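Chemist: A predicted structure for the sequence below; I have some questions about it.
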Amino acid sequence: MAQENLYSTPVPPNGIAIAENLYLDKTEITNLNWLEYLYYLYRDSTKAIYEQALPDTTVWLSHGDTLKFKYYLRYPSYRSFPVVGITQEQAMAYCAWRSIAATEYYNRIEKKKQAGVQADQKVIFKFRLPTEAEWMNAASGHLNNEEYPFGVAEYLIHGNIQGKAKTLYDKTNKRVDYDVFLNDLKEFRKEKNEPSFNVVKSFKDYFQYGDYSPRSITDKRSIANPTGVIDMIGNVAELVQESNFVKGGSWAHDLESSKIKKRQAYKGPAAWIGFRCICEVEMK
C-alpha cells in the first residue's frame, strides 16, 4: 500500500524515497514475493514462461544444504526470507511484471484512498534493478563512505556462534579451550563496536562465526541505515543493472569485502545472491 511521503508522487509498495520520484525497496525481494509472481505467471502465462521464472534451488547443494534445496523456496517458515537462485534476467523480468501489476492495482484500487491524486491522473510505477551508483547512494545513508564504509554510524552487537565443539584450534594448530574462547569473545564484544550485519566475522586468530545462511527480512538483528533501507550490507548480495558483479556482500562473505564500495563477482545464480527493486514514479 502506498504511504505518505515528502515528495510529490505516491510511494510504491515497500518503497523508501531516495530522490525525487525515485524509491528503493526497503527490504530484499522475498520468497513470498516470488511465489506470488509464480502464481500469476502460472495462471496467466505459458508453461514455458512459468518454468523460466523458477529459481535454481540446486544452488544450495554447493553449500551441502539439502534441506534448503528441498524447502527454502516454498516452505512457509521461509516465506519472509530473501529469494535466491535468481539470474539477473529473471530479476529484470520480475521488475517488468511488478511494474504492470503495481500500476494496475494502484490506479484501480489505491488511488481512490489517496489525497492529492486527481481522478483523471494515472500513476505509473516503473520497477527495475538499481544501477551501482543508485545502490551505493542508498546504501550510504547520506553518510561519508570513507568514514562510514557500511552506511551506518552506530552498530549493534550480535552474532550466532556456529558449531558445538568443546575445543578449537588457532592458526598454529594450538588447542584453545572452548569455554575460554567464549569468555574471550564476551570480553571482545564489550570492547569492539561490531555490526550485526549478516556476514562472516572473525575473532582473534582462531574462529569465524556468523549465521551462514540468509536471515528473514523481519529479523530483529537487521540494520536500517539513515535512509531507512534494511540489510543493504550482508544477508544476500544484491543484483544491480551492471551485469558482472553484485553489491553489499552476504552471509557467505567477510565484513571487509562487504563494504559499500566493494563488488562481488556475479557468475550466475547463487545461494547468497538476491535483489531489491528501485522504482521510478510518474504521474500522467
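Modeler: Right, received. Where do you want to start? Numbers count the residues shown, from 1 in each chain.

Chemist: tell me where this protein has strands.
Modeler: Using DSSP state E, the strands of the chain run over residues 15-19, 22-25, 123-128, 167-169, 175-177, 201-203, 207-209, 237-239, 245-247, 264-265, 273-274, 278-283.

Chemist: export those strands to CSV and tack on mean pLDDT and distance to residue 56?
Modeler: C-beta coordinates here come from the backbone N, C-alpha and C atoms, glycine included. Listed next are the strands of the chain as CSV, based on pLDDT from 0 to 100; distance: least, CB to CB, whole Å:
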stretch, mean pLDDT, distance to residue 56
strand 15-19, 94, 28
strand 22-25, 97, 22
strand 123-128, 96, 22
strand 167-169, 61, 35
strand 175-177, 75, 39
strand 201-203, 76, 28
strand 207-209, 73, 27
strand 237-239, 98, 14
strand 245-247, 98, 15
strand 264-265, 98, 17
strand 273-274, 98, 10
strand 278-283, 95, 24
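
Chemist: I'd like these as a markdown table, with distance to residue 99 and mean neighbour count appended.
Modeler: Shown next, in a markdown table, are the strands of the chain (distance: least, CB to CB, whole Å; neighbours: other CB atoms under 10 Å):
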| stretch | distance to residue 99 | mean neighbour count |
| --- | --- | --- |
| strand 15-19 | 13 | 19 |
| strand 22-25 | 13 | 23 |
| strand 123-128 | 5 | 20 |
| strand 167-169 | 51 | 14 |
| strand 175-177 | 54 | 13 |
| strand 201-203 | 38 | 16 |
| strand 207-209 | 41 | 15 |
| strand 237-239 | 17 | 27 |
| strand 245-247 | 22 | 22 |
| strand 264-265 | 27 | 14 |
| strand 273-274 | 19 | 28 |
| strand 278-283 | 8 | 19 |
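
Chemist: so which of the ones you listed is nearest residue 44?
Modeler: Closest to residue 44 of these, according to CB to CB: strand 123-128, at 17.9 Å.

Chemist: output the contacting helices and strands for the closest one.
Modeler: With contacts taken as 3 or more CB pairs under 8 Å, 6 or more residues apart in numbering; DSSP states H and E, strand 123-128 sits against helix 88-108, strand 278-283.

Chemist: and the angle for that strand with strand 15-19?
Modeler: Following axes from the mean of the first three to the mean of the last three CA atoms, to 10 degrees, one obtains 80 degrees for the angle between strand 123-128 and strand 15-19.

Chemist: contacting residues around strand 123-128?
Modeler: Identification of contacts with strand 123-128 by CB atoms under 8 Å, 6 or more residues apart in numbering yields 9-10, 12, 92, 95-96, 98-99, 102-103, 106-107, 111, 117, 241, 277-284.

Chemist: just checking: what are the partner strands of that strand?
Modeler: strand 278-283 (antiparallel) (DSSP bridges).

Chemist: for residue 81, which of the strands of the chain is the nearest?
Modeler: strand 273-274 (9.1 Å).

Chemist: circling back to that earlier point, can you tell me which of the contacts of strand 123-128 are buried?
Modeler: Using 16 or more other CB atoms under 10 Å as the burial test, the contacts of strand 123-128 include 9-10, 12, 92, 95, 98-99, 102-103, 106-107, 111, 117, 277-281 as buried.

Chemist: quick one, what contacts residue 18?
Modeler: Contacts for residue 18 (CB under 8 Å, 6+ apart) come out as 24, 134, 137, 138, 227, 278.

Chemist: turn those residues into JSON lines, columns for distance to residue 258.
Modeler: JSON lines is the format used below for these (distance: CB to CB, whole Å):
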{"residue": "24", "distance to residue 258": "18"}
{"residue": "134", "distance to residue 258": "18"}
{"residue": "137", "distance to residue 258": "17"}
{"residue": "138", "distance to residue 258": "15"}
{"residue": "227", "distance to residue 258": "17"}
{"residue": "278", "distance to residue 258": "20"}
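
Chemist: low-confidence ranges, the stretch 51-200 of the chain, go.
Modeler: 112-119, 154-173, 188-194 (pLDDT under 70).
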